[in-house]
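[1] Coordinates for the following, if possible.
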Amino acid sequence: MMPVRALLWGCKERLELKRASERGMVILCMVALSLGRGAAQQSASNPKIIFEEAQRALVAHDYAKAERGFRAVLGIDPHSAAAYADLGVVYMRLGRYERAVEALQNAKRLAPEETGLDLNLGLAYYHQNDFARAIPPFARVLQSHPEHAQARYLLGMSYFMNDDFEHTAATLEPLADSQKSNLDYFFVLGIAYGKLKRPEDSTHAFEQLVRAGGDSAYLHLLMGKAHLDLYETSQAQSELEKAVALDPRLHFAHYNLGVVYQKQGKLDQAAAQFQEEMLLTPDDPSSPENLGLLYLEQGDTAQALAMLRRALKIDSQLPKSLDGMGKAYLRMGQVEQALLYFQRAVALAPDSAKMRFQLGQAYLKIGQRAQGEKEIKEAGRLQAEARKKFEDTVSGKLPAPEVPGEKP
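    Model prediction:
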């Protein structure tokens, strides 16, 4: 799975469907939305002229000028859905996805019928790895245009990243003829079928994956991750070791191999793999988080704190890292500090029996007996529920599948 980049569309003169030349996928182009009440002005502040200049800047990749132009239009006419829509495109190309979502939501509010806005809004959420929010806009595109292959592909991938395997399979299956060389496609379907207890379909998908991938490092990474997701650690180890041998710089190969070693209790080997991965993907918190938890397990509190802080600096909303910080401070006798981290962890993962129990223990240690017993009782209830389903504490990772048809 390659790093995600977006195909972005601006405002054109009318809504139309075009075929993507290389992939044969239907791409929904944006529409020309009404410039609103200020469009008739014929002066230096004419929003139509400013808008057209901003569009030319957007096409020329002069995003600073384009942003100024679209914002100037909105200053004159705050009801310009077109300006909001293309401002969203500017922010997407700049990688400012939160701002893109805000602009596209404003455009959608003013022009709710425009499906192209849903496509870009879904892409903005997808780039943020907010797959739950990406699902509704992609689904709306597909509802209006069932033939829209890109929306179907991204909707299926969003379902997969959200662990909705039934909808993953149902959404992606119609694309089989157009995805014969797409490794991500077969990987995702193979995992989905495996989770749905459809072994023959899963085997067939992985056979197609192998045929399409040859003996590449990336193929072995996907196969290793597939075995890891299906709890087949020996097979996962074999595939991931091949991936690392073929391409030592392949992103997430070292990480997933580290997870395998960690599951096997080979903690020193796991630590070495996580350290290698941090060199390759320094902006991803997964390796420092797992390394910090591993150091905590080995009793190296200082190293654990350093790694967990590094993970939280990248992403402050990591319940496992926050919980690990709480454990470390509790081990050091700093109960009140530990309590703060346990509270943050539980706020992000309220259904974790383990985190609830540790929070309860921390409350008891500072004398808050009623609150402590309440948390421990809730932990017991959650643990009873957890026995009904297998809960895996450490899992592998891959980036989201790439957006088909993208250009750098």
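[2] CA atoms only for the helix or strand encompassing residue 274, dumped as PDB, please.
    Using DSSP states H and E, the element containing residue 274 is helix 267-280. Extracted in PDB, the C-alpha atoms of helix 267-280 (Å, rounded to 0.1, in the frame of the first residue of the first chain):
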ATOM      1  CA  LEU A 267      11.700  -9.200  22.700                       C
ATOM      2  CA  ASP A 268      15.200  -8.200  21.800                       C
ATOM      3  CA  GLN A 269      14.600  -9.100  18.100                       C
ATOM      4  CA  ALA A 270      11.400  -7.200  18.200                       C
ATOM      5  CA  ALA A 271      13.100  -4.100  19.700                       C
ATOM      6  CA  ALA A 272      15.700  -4.200  16.900                       C
ATOM      7  CA  GLN A 273      13.000  -4.200  14.200                       C
ATOM      8  CA  PHE A 274      11.000  -1.400  15.800                       C
ATOM      9  CA  GLN A 275      14.200   0.700  15.900                       C
ATOM     10  CA  GLU A 276      14.900   0.000  12.200                       C
ATOM     11  CA  GLU A 277      11.300   1.100  11.400                       C
ATOM     12  CA  MET A 278      11.700   4.300  13.300                       C
ATOM     13  CA  LEU A 279      14.500   5.300  11.000                       C
ATOM     14  CA  LEU A 280      12.300   4.700   7.900                       C
END
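[3] List the buried residues in that helix.
    In terms of neighbour count (16 or more other Cβ atoms under 10 Å), helix 267-280 has its buried residues at 270-274, 276-278, 280. Using the backbone N, CA and C atoms, a C-beta is placed for each residue, glycine as well.
[4] Which strands or helices does the helix or strand just after that helix pack on?
    Counting by DSSP H and E, the next helix or strand C-terminal to helix 267-280 is helix 286-298. With contacts taken as 3 or more Cβ pairs under 8 Å, 6 or more residues apart in numbering; DSSP states H and E, helix 286-298 sits against helix 253-263, helix 267-280, helix 301-314, helix 319-331.
[5] Need the winner for burial among these.
    For the helices and strands packed on helix 286-298, average neighbour numbers computed from mean count of other Cβ atoms under 10 Å are highest in helix 253-263, which has a mean of 26.
[6] how much space between residue 64 and residue 211?
    47 Å (Cβ to Cβ, to the nearest Å).
[7] give the contact list for residue 318.
    Counting by Cβ atoms under 8 Å, 6 or more residues apart in numbering, residue 318 makes contact with 285, 289, 311-312, 348.
[8] Sorry, slip of the keys, the one I care about is residue 257.
    Contacts for residue 257 (Cβ under 8 Å, 6+ apart) come out as 224, 237, 240-241, 243-244, 273.
[9] Show me what counts as buried in whichever helix in the chain runs longest.
    Longest helix in the chain by number of residues, with DSSP state H as the criterion: helix 369-386. For helix 369-386, burial by neighbour count (16+ other Cβ under 10 Å) applies to 372, 375-376, 378-379, 382.
[10] if we look at it, which residues are touching it?
    Helix 369-386 has contacts (Cβ under 8 Å, 6+ apart) with 346, 351-354, 356-357, 359-364.
[11] Can you flag the buried ones in these?
    346, 352-354, 356-357, 359-364.
[12] Out of these, list just those in helices.
    346, 353-354, 356-357, 359-364.
[13] Low-confidence ranges, this structure, go.
    The model of the chain has pLDDT under 70 over residues 1-44, 387-408.
[14] which residues in it form strands?
    17-19, 26-28 (DSSP state E).
[15] if we can go back for a sec, can you pick the most crowded of the contacts of residue 257?
    Ranked by neighbour count (other Cβ atoms under 10 Å), those have residue 240 at the top, with 31 neighbours.
[16] That one and residue 282, how far apart?
    For residue 240 relative to residue 282 (Cβ to Cβ), the value is 21 Å.
[17] same thing with residue 105?
    Per Cβ to Cβ, residue 105 is found 32 Å from residue 282.
[18] the more surrounded of those two?
    Of the pair residue 105 and residue 282, residue 105 is the one with more neighbours under other Cβ under 10 Å, namely 15 against 11.
[19] Could I get the buried residue list for stretch 117-133?
    Applying 16+ other Cβ under 10 Å to stretch 117-133 flags 117-128, 130-131, 133 as buried.
[20] Which member of those residues is positioned nearest residue 339?
    Closest to residue 339 out of the buried residues of stretch 117-133 is residue 130 (30.0 Å), distances taken as Cβ to Cβ.
[21] Centroid-nearest residue for this protein?
    Against the mean C-alpha coordinate of the chain, by Cα atoms, centre = their mean, the closest residue is residue 129 at 2.4 Å.
[22] quick one: it and residue 158 touch, right?
    No: applying Cβ atoms under 8 Å as the test, residue 129 and residue 158 come out as separate, 10.0 Å apart.
[23] Burial check on residue 75, number of neighbours?
    For residue 75, the neighbour count with other Cβ under 10 Å is 14.
[24] let's number from 43 now, not from 1
    I'll keep to 43 as the first residue from here, and by that count the last item is residue 117.
[25] And it, how far from residue 110?
    From residue 117 to residue 110 the distance is 10 Å (Cβ to Cβ).
[26] give the contact list for residue 96.
    Applying Cβ under 8 Å, 6+ apart, we find residue 96 in contact with 107-108, 110-112, 114-115, 125, 128.
[27] Grab the nearest non-local neighbour of it.
    Leaving aside its sequence neighbours, residue 96 sits nearest to residue 111 (Cβ to Cβ, 6 or more residues apart in numbering; 2.6 Å).
[28] Farthest-apart pair in the contacts of helix 411-428, please.
    393 and 406 (21.4 Å).
[29] picking that back up, now, which of the ones in helices among the buried ones among the contacts of helix 411-428 sits nearest residue 213?
    residue 395 (32.9 Å).
[30] Give the full set of residues in contact with the closest one.
    421-425, 428.
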